[in-house]
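>>> Attaching a predicted model along with its sequence, questions to come.
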Amino acid sequence: MRRRSIEPRRVIFIGVEGKSDQAFARFLGHCCEEAGLHLHLDVKPGSGGDSVAVVEEAARYLRRFGKSNIRNRLVLLDRDRIKQDLQAGRDSQTVASRAKLKIIFQEPNLEGLLIRLHQGQENRIIAADNAMAELRKVWPEYSKQLTADQLSQRFTLSDVQRAAQHDSELQRLLTVIGL
């Protein structure tokens, strides 16, 4: 009897700021399964802080667990925090580059991205200060304690792909993943 060899899953590392971002990345993992992609999204939530702290924590995790062989190493960051970080002399792009991490920006933040996943909202431009209030208008039950299952019940891969047509950073993320 001949043994079949099973091809190992391609691993993509995604560092994220917190639990809601982790839920979004895991939701993308569900989309990958739905699309039949043979990969694993290794999602590591940070403990908050500024953007540089999130990148540094992702880099430490990769070094600590010997994950230098992972080719696709990403960090999801809210774009609305970058200006404040730069004014404080903290540049997440430089830190990410040194750690061989690619940054994908959520515009202006996760809540703004989630608005655009809703049908008819794809090309909305939302100020970061208004993103939560605007999201609750289209999704009254939304809470920061978001789970991947809640996202899967609300959105599909086609919602993400439709939104990506109007969001170059989301499109970059989907391209790296293979969606």
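Perfect, thanks for sending it. Numbering: from 1, shown residues only.

>>> moving C-terminal of the lengthiest helix in the chain, what's the next helix or strand?
Taking DSSP state H as the criterion, the chain has its longest helix at helix 19-34. Downstream of helix 19-34, the next assigned helix or strand under DSSP states H and E is strand 39-45.

>>> That next one packs against which elements?
Based on contacts counted as 3 or more Cβ pairs under 8 Å, 6 or more residues apart in numbering; DSSP states H and E, the elements that strand 39-45 packs against are strand 10-16, helix 19-34, helix 51-64. In short, each C-beta sits where N, CA and C put it, glycine included.

>>> which residues touch the longest helix of the chain?
Contacts to helix 19-34, defined as Cβ atoms under 8 Å, 6 or more residues apart in numbering, come from residues 14, 16, 39-41, 43, 45, 76, 106, 110, 113-114, 144-148, 150-152, 155-157, 160, 173, 177-179.

>>> starting at the chain centroid, how far to that helix?
The chain centre lies 8 Å from the centre of helix 19-34; the measure is Cα atoms, centre = their mean, to the nearest Å.

>>> Check stretch 172-179 too.
On Cα atoms, centre = their mean, the centre of stretch 172-179 falls 11 Å from that of its chain.

>>> just stretch 9-20 next, same as before
7 Å.

>>> for stretch 52-68, same thing?
With Cα atoms, centre = their mean as the basis, stretch 52-68 stands 16 Å off its chain's centre.

>>> No further queries at this time; thank you.
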